[in-house]
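In: Everything below, folded, please.
(chains A, B and C)
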Amino acid sequence: MAGFALVDCNNFYASCERVFDPRLEGRPIVVLSNNDGCVIARSNEAKALGIDMGTPYHHCRDRLRRHRVHVFSSNYQLYGDMSRRVMDTLRTLAPDVEVYSIDEAFLGLDRVAFAAPAELAIALRARVRQWTGIPVSIGIGPTKTLAKLANRHAKKHVEAGVFDVAGLADRNAWLDRFDVEDVWGISKAWGGRLRALDIRSAGQLARADPRLVRVHLSVVAERIARELAGIPCHGLAEVTPPRKTILASRSFGRPVTCKTELGQAVASFAARACRKLRAQGSRAAAVQVFLTTNRFRVEEPQYANAMTVGLAVPSSDTRIVTAHALAALAHLYRPAFRYQKAGIMLLDIVPAESGQGHLFLPTDQTVSDRLMATVDRLNARMGADTVFLAAEGVAKGWSMRAEHRSPRYTTQWTELLRVAA
DNA sequence: TCTGGGGTCCTAGGACCC
DNA sequence: TCTGGGGTCCTAGGACCC
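Out: The predicted model follows:
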């Protein structure tokens, strides 16, 4: 049984909030981006009210209030943990799972113990719902791109939430019902260029000459066309390769002008990035620091800049990375600007064990590695920010806004769900 | 007052080498 | 008037995704 299934959690963030507060069932919900900036998730009821994805919160706040929409700040500790539970549940019935995003997974169908893919899908859907409380939709097809499209169909048009392309009598006619922009990987911009070639529907793209698509767009688009035609160009990527870049950045809850506060923010980002770096068993050989004013405030003076510094020896030591990041910040900082965002990116990432030494510097990292491992263990066990560098500061007046965050029910001892008070 | 964060891949062009 | 050819590596920018 070849092919792929795409499992996609329905309105994932909104569904996570509902799991822990069933009163929200049937009520409109939106979830905001970091810093309570934009709407990034909506329940079906909120979609029906015409709340668009990506709308700035301050543009729709009054409408949300009028319609009694329940508003949540992003709660990534909760969503990340719920995601892990969903993925673990999928693995109980499907041995080959590629976690594609926080709310999506591709399954390989070669080794599953069901007569038909749709039977597996129905069983999975029921089990995920029962074990985690999260509703999912499942699309099945001979390529990832077709499974994606099948998922879209399942979510919109199938009560059971499962759809298999193989059951179609006329796949071309089915594909013709989708706009070309509905296809995974075809954005609005590419859709426009395809329309100029008179390719308007998914079906037309599937039937187009892939070489023509390559000439006018790119090899990436060519693969999409081939996949739509049923020719697999992408396999299942079960093991996630280590990240090649690691980014940690945030918008500030209010404009920041003070160099000390910027330094504390950058130190906090460095700590987060280094934790991710160590978690995947890597070291970084370069650090980039960037900062920017608020580009939406056109009446204010604007400044954005970035600087990359190399490390003598690849490191995952928060102290070393922070020191380099702060040195870069000192070069970048200009007084008299109102900064809105800063961040750091770790680059030139290498496996920790294959670290090349330094000709003249001592490179025994045992002490550093043990210290960092201890810090990570403490923070994992006792809660984030139990131990941190003083450079991060403690007041954190620049922290992002999160005025509507629900409790972190599953990851913080102090925020467990209260059944009776 | 208020507009997210975190990734990947591909391509073009310049630097540099023989 | 004439001024090689072919390759690799790096980087910036642009495209896409959730």
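In: Those residues of the stretch 1-150 of chain A touching DNA strand B, which are they?
Out: Neighbours of DNA strand B within the stretch 1-150 of chain A, by CB under 7 Å from any atom of the strand: A:S33, A:N34, A:N35, A:G37, A:C38, A:I40, A:G54, A:P56, A:Y57, A:H58, A:R61. In this view, the C-beta of every residue, glycine as well, is placed from N, C-alpha and C.
In: Pick the one among these closest to A:R18.
Out: A:I40 (16.4 Å; CB to CB).
In: Am I right that the closest one sits in a helix?
Out: No: counting by DSSP: H, G, I helix; E, B strand; the rest coil, one finds A:I40 to be strand, located in no helix.
In: and the spatially closest residue to it that is not a sequence neighbour, how far is that from DNA strand C?
Out: Among residues not flanking A:I40 along the chain, A:S33 sits closest, at 4.7 Å (CB to CB, 6 or more residues apart in numbering). Between A:S33 and DNA strand C the distance is 10 Å, computed by CB to the nearest atom of the strand, to the nearest Å.
In: what's the spacing between A:S33 and A:Y57?
Out: Distance, A:S33 to A:Y57, by CB to CB, to the nearest Å: 8 Å.
In: which residues are in contact with both of those two?
Out: Common neighbours of A:S33 and A:Y57 (criterion: CB atoms under 8 Å, 6 or more residues apart in numbering): A:V39.
In: Those two: which is more packed in?
Out: Comparing A:S33 with A:Y57 by other CB atoms under 10 Å, the one with more neighbours is A:Y57, at 20 against 17.
In: now the more buried one: how far from A:H331?
Out: In terms of CB to CB, A:Y57 sits 35 Å off from A:H331.
In: Equivalent analysis for A:Y13, please.
Out: A:Y13 sits 38 Å away from A:H331, going by CB to CB.
In: Mind checking which of these two has more residues around it?
Out: A:Y13 (25 against 10).
In: Enumerate the residues of the stretch 1-150 of chain A near DNA strand C.
Out: Counting by CB under 7 Å from any atom of the strand, the stretch 1-150 of chain A sits next to DNA strand C at A:Y100, A:S101, A:I102, A:D103, A:E104, A:K148.
In: is the second one in a bridge, and if so with what?
Out: On DSSP bridges, the residues paired with A:S101 through beta bridges are A:E104.
In: Measure how buried it is and give me the count.
Out: Applying other CB under 10 Å, we find 10 residues neighbouring A:S101.
In: next one: the fifth one
Out: In terms of burial, A:E104 registers 19 neighbours under the definition other CB under 10 Å.
In: ok, now how distant is it from DNA strand B?
Out: Look at A:E104 and DNA strand B: by CB to the nearest atom of the strand, they are 12 Å apart.
In: hey, C-alpha coordinates of the helix or strand encompassing A:V31 in PDB?
Out: According to DSSP states H and E, A:V31 maps onto strand A:29-32. Only the C-alpha atoms of strand A:29-32 are listed here, as PDB (Å, rounded to 0.1, in the frame of the first residue of the first chain):
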ATOM      1  CA  ILE A  29     -12.600  31.500  19.500                       C
ATOM      2  CA  VAL A  30      -9.500  33.300  18.100                       C
ATOM      3  CA  VAL A  31      -5.900  32.900  19.100                       C
ATOM      4  CA  LEU A  32      -3.500  35.800  18.700                       C
END
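In: Now A:R243: which helix or strand?
Out: Counting by DSSP H and E, A:R243 is part of no helix or strand.
In: Look at it and report its pLDDT.
Out: A:R243 carries a pLDDT value of 92.
In: A:P95 contacts A:V112, correct?
Out: Yes: using CB atoms under 8 Å, A:P95 is in contact with A:V112, at 7.2 Å.
In: Kindly state the distance between the middle of the longest helix along chain A and the middle of its chain.
Out: The longest helix of chain A (DSSP state H) is helix A:259-279. Taking CA atoms, centre = their mean, to the nearest Å, one finds helix A:259-279 lying 19 Å from the centre of the chain it belongs to.
In: That helix packs against which elements?
Out: Secondary-structure packing of helix A:259-279 (3 or more CB pairs under 8 Å, 6 or more residues apart in numbering; DSSP states H and E): strand A:246-256, strand A:282-293, helix A:318-332, strand A:339-351, helix A:366-382.
In: quick one on the thing from earlier: just checking: what are the partner strands of the strand holding A:V31?
Out: Strand A:29-32 is paired, per DSSP bridges, with strand A:39-42 (antiparallel), strand A:70-72 (parallel).
In: Could you pull up phi and psi at the closest residue to DNA strand B within the stretch 1-150 of chain A?
Out: Residue of the stretch 1-150 of chain A nearest DNA strand B, by CB to the nearest atom of the strand: A:G37 (2.6 Å). Note on A:G37: backbone dihedrals following degrees, to the nearest 10 are phi -80, psi -60.
In: wait, it sits on A:Y57?
Out: Yes: between A:G37 and A:Y57 a contact is recorded at 6.3 Å, counting by CB under 8 Å.
In: could I get stretch A:161-170 in CSV with only the CA atoms?
Out: In CSV, the C-alpha atoms belonging to stretch A:161-170 read as follows (Å, rounded to 0.1, in the frame of the first residue of the first chain):
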residue,chain,number,x,y,z
GLY,A,161,-13.1,14.1,8.0
VAL,A,162,-11.4,11.5,5.8
PHE,A,163,-10.9,11.6,2.1
ASP,A,164,-8.9,9.3,-0.2
VAL,A,165,-8.0,10.4,-3.8
ALA,A,166,-8.0,6.8,-4.8
GLY,A,167,-11.8,6.6,-4.6
LEU,A,168,-12.3,9.2,-7.3
ALA,A,169,-13.8,8.1,-10.6
ASP,A,170,-12.4,11.2,-12.4
